[in-house]
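A.B. asks: Here is my input; please provide its structure:
(one chain, ligands or ions: 1)
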Amino acid sequence: MAKTTLTAVRGMNDILPPETVAWQNLESAFRAVLALYGCAEIRLPIVEQSALFARAIGDVTDIVQKEMYTFADRNGDSLTLRPEGTAGVVRALIEHGGLRGQTPRLYYLGPMFRHERPQRGRYRQFHQLGVEFFGIASASADAEIIALSARLLHAAAVPARLQLNSLGTPQSRAGYREILLQYLRPQAEQLCSDCQERLERNPLRVLDCKVESCQEISRDAPQLLAHLDPESAAHFALLQELLRSMGIAYEINPRLVRGLDYYHRTVFEWVAEGLGAQGTVLAGGRYDALVAQLGGPDTPAIGFALGMERLLALRAASMGEELAALPHVFLGALDAESLAAIFQRAEELRARGLRVISAGPASIKSLLKQAQRSGAHYQVLLGADDLAADSVLLKEQEGLAQWQGPWTALDQGLMQLGVDFS
Ligand code: HAM
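C.D. replies: Numbering: from 1, shown residues only. As a prediction, the model looks like this:
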């Protein structure tokens, strides 16, 4: 019987070197920016109880209804691969009492899982960098976290436009919902089948549906911004004033609704050119009721998450290939007798901070090929004769520089050729 070759699960990607170098570079640039805003990292399980997401994200959202990877474990407990990070962070803070009298600023980096139709920029396993600020009700937190998001995108060298909206409070939204329904109901038949189905449950989602006929109808719909409660309107005005004072440009998009139910007041997205409908590289908003809703103390909060794959795709388009840190030196053994000497010297040099590839025993031809592939700046090939004579040749791979001297003084040779041991 022919064996079928096993492949990765559809929509879940292997990330291979040298692509991993671009990931690492971006991650460390992000960590440096996050430190500027006093954010600390939190690492959470990838699997949570299914009920957490239904309660946090909302029973009637696409994520909970259609996209979760949910399974029963061996005890029969219903578990879910996390589709996003906010719910888990809130759960963990409540569980560990991290909100009492404190205003934590946390970030997380890792895989999320949604059973969506895969296409460029949309995967079933994707990676988010998320940031959550807790305990600050003022629009100052909104402004600060948006400034942080701008700085992250700047560090990634991905140009994007900031879109803003306010969803008001659940009370002001409930009043608007009725007004919107009165507008949409007579035109229900022109809506796409998804929107027809969610019309009564969640009419606001019609506003950000991407289907042309729905967009046409929502263009003339009454706007939520015109029906904000006075406090939400003042909150939104202060946010805009602070953004202007920091020189952060924004557009107000009254149809920005977001696909998760926990948002209050401010919602925002950064949209980049070049990924079509998947152009939202970073998105978030305020969720002042979620902590209490999940059983914690009344705590206002705001956060966002950025899609690593989307940013990296756009960055690759704009930056070209990123350089891996290449080895300083390749040490090759020409025979079994010199292998131990190679290994010993390689460890010594690594202990002093050099990147070293050791190989062998193998023929000259094979070692030269391996040395070249390694990308090392310098190479040394060592045989039993060289060891006996205590004399080796250290050569630059892509140039003419070389040093001949005792094997025991190889570090001196590397320094003479300009390798920095600091
Ligand atoms: P979200 O809008 O569902 O928000 O996702 C945030 C970002 O993750 C998106 O803008 C996108 O860049 C990326 N993303 C989402 N789904 C996919 C996918 N299938 N493939 C590739 N990238 C994807 C949240 O998840 C909220 N938890 C954000 C938040 C944090 N709000 C408050 N705090």
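A.B. asks: so how many other residues sit close to Ile42?
C.D. replies: 18 (other Cβ atoms under 10 Å). Bear in mind the C-beta positions are built from the backbone N, C-alpha and C, glycine included.
A.B. asks: so the closest residue to it other than its chain neighbours is in which element?
C.D. replies: Sequence neighbours aside, Leu106 is the residue nearest to Ile42 in space, at 4.5 Å (criterion: Cβ to Cβ, 6 or more residues apart in numbering). Leu106 is part of strand 105-113, with elements assigned from DSSP states H and E.
A.B. asks: In that strand, which residues are buried?
C.D. replies: Residues Arg105, Leu106, Tyr107, Tyr108, Leu109, Met112, Phe113 are the ones in strand 105-113 that count as buried (16 or more other Cβ atoms under 10 Å).
A.B. asks: on that earlier part again, any idea how far the residue nearest to Ile42 lies from Gly295?
C.D. replies: 19 Å (Cβ to Cβ, to the nearest Å).
A.B. asks: Can you give the contact residues for the strand holding Leu106?
C.D. replies: 27, 30, 34, 37-44, 46, 68-69, 81-85, 88-89, 93, 124-134, 308 (Cβ atoms under 8 Å, 6 or more residues apart in numbering).
A.B. asks: near the ligand too, which of these?
C.D. replies: Applying Cβ under 6 Å from any ligand atom, the subset of the contacts of strand 105-113 adjacent to the ligand comprises Glu84, Gly85, Phe126, Gln128, Gly130, Glu132.
A.B. asks: Let's see which of these end up in helices.
C.D. replies: Members of those lying in helices (criterion: DSSP state H): none.
A.B. asks: among the residues you listed, which are in strands?
C.D. replies: Residues of these located in strands (DSSP state E): Phe126, Gln128, Gly130, Glu132.
A.B. asks: Would you format the residues you listed as CSV with pLDDT included?
C.D. replies: CSV is the format used below for these (pLDDT from 0 to 100):
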residue, pLDDT
Phe126, 98
Gln128, 98
Gly130, 98
Glu132, 98
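A.B. asks: Give me the buried positions along the host helix or strand of Arg91.
C.D. replies: Following DSSP H and E, one finds Arg91 within helix 86-95. Across helix 86-95, burial judged by 16+ other Cβ under 10 Å covers Thr86, Ala87, Gly88, Val89, Val90, Arg91, Ala92, Leu93, Ile94.
A.B. asks: Let me have the residues you listed in JSON lines, extended by pLDDT.
C.D. replies: Converted to JSON lines, the buried residues of helix 86-95 look like this (pLDDT from 0 to 100):
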{"residue": "Thr86", "pLDDT": "98"}
{"residue": "Ala87", "pLDDT": "97"}
{"residue": "Gly88", "pLDDT": "98"}
{"residue": "Val89", "pLDDT": "98"}
{"residue": "Val90", "pLDDT": "98"}
{"residue": "Arg91", "pLDDT": "98"}
{"residue": "Ala92", "pLDDT": "98"}
{"residue": "Leu93", "pLDDT": "98"}
{"residue": "Ile94", "pLDDT": "97"}
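A.B. asks: Just the closest of the residues you listed to the ligand, please.
C.D. replies: Thr86 (4.0 Å; Cβ to the nearest ligand atom).
A.B. asks: Start and end of stretch 236-256, how far apart?
C.D. replies: 14 Å (Cα to Cα, to the nearest Å).
A.B. asks: Report the mean per-residue pLDDT for it.
C.D. replies: The pLDDT scores in stretch 236-256 average 97.
A.B. asks: what's in contact with that stretch?
C.D. replies: Residues contacting stretch 236-256 (Cβ under 8 Å, 6+ apart): 138-140, 142-143, 146-147, 150, 161-166, 207-208, 218, 223-225, 228, 265-269.
A.B. asks: Run through those and flag the ones next to the ligand.
C.D. replies: Within the contacts of stretch 236-256, nothing lies near the ligand by Cβ under 6 Å from any ligand atom.
A.B. asks: Which ones among those lie within strands?
C.D. replies: Using DSSP E, these in strands are Arg161, Leu162, Gln163, Leu164, Asn165, Ser166, Arg265, Thr266, Val267, Phe268, Glu269.
A.B. asks: For the buried ones among those, write the corresponding ChimeraX selection.
C.D. replies: Here is the ChimeraX command that selects the buried residues among the ones in strands among the contacts of stretch 236-256 (16+ other Cβ under 10 Å):
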select :162,163,164,165,166,265,266,267,268,269
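A.B. asks: The ones in strands among the contacts of stretch 236-256 into TSV, with extra columns for pLDDT and distance to Leu191?
C.D. replies: Conversion of the ones in strands among the contacts of stretch 236-256 to TSV gives the following (pLDDT from 0 to 100; distance: Cβ to Cβ, whole Å):
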residue	pLDDT	distance to Leu191
Arg161	97	27
Leu162	98	29
Gln163	97	23
Leu164	98	26
Asn165	96	21
Ser166	96	25
Arg265	96	27
Thr266	98	27
Val267	97	22
Phe268	98	26
Glu269	98	23
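A.B. asks: Just read off the phi/psi values of Glu309.
C.D. replies: Dihedral angles of Glu309 (phi, psi; degrees, to the nearest 10) stand at phi -60, psi -40.
A.B. asks: Bridged to the residue nearest to it when sequence neighbours are not counted, which residues?
C.D. replies: With sequence-adjacent residues excluded and distances taken as Cβ to Cβ, 6+ apart, Glu309 is closest to Phe126, at 5.3 Å. On the basis of DSSP bridges, Phe126 is bridged to Met112.
A.B. asks: thinking Phe126 is in contact with Leu306, fair?
C.D. replies: No - using Cβ atoms under 8 Å, Phe126 is not in contact with Leu306, being 10.7 Å away.
A.B. asks: between those two, who's got more neighbours?
C.D. replies: Leu306 (25 against 20).
A.B. asks: Assign that one to helix, strand or coil.
C.D. replies: strand (DSSP: H, G, I helix; E, B strand; the rest coil).
A.B. asks: contacting residues around it?
C.D. replies: Gln128, Leu129, Gly130, Ser149, Leu152, Leu153, Trp270, Val281, Leu282, Ala283.
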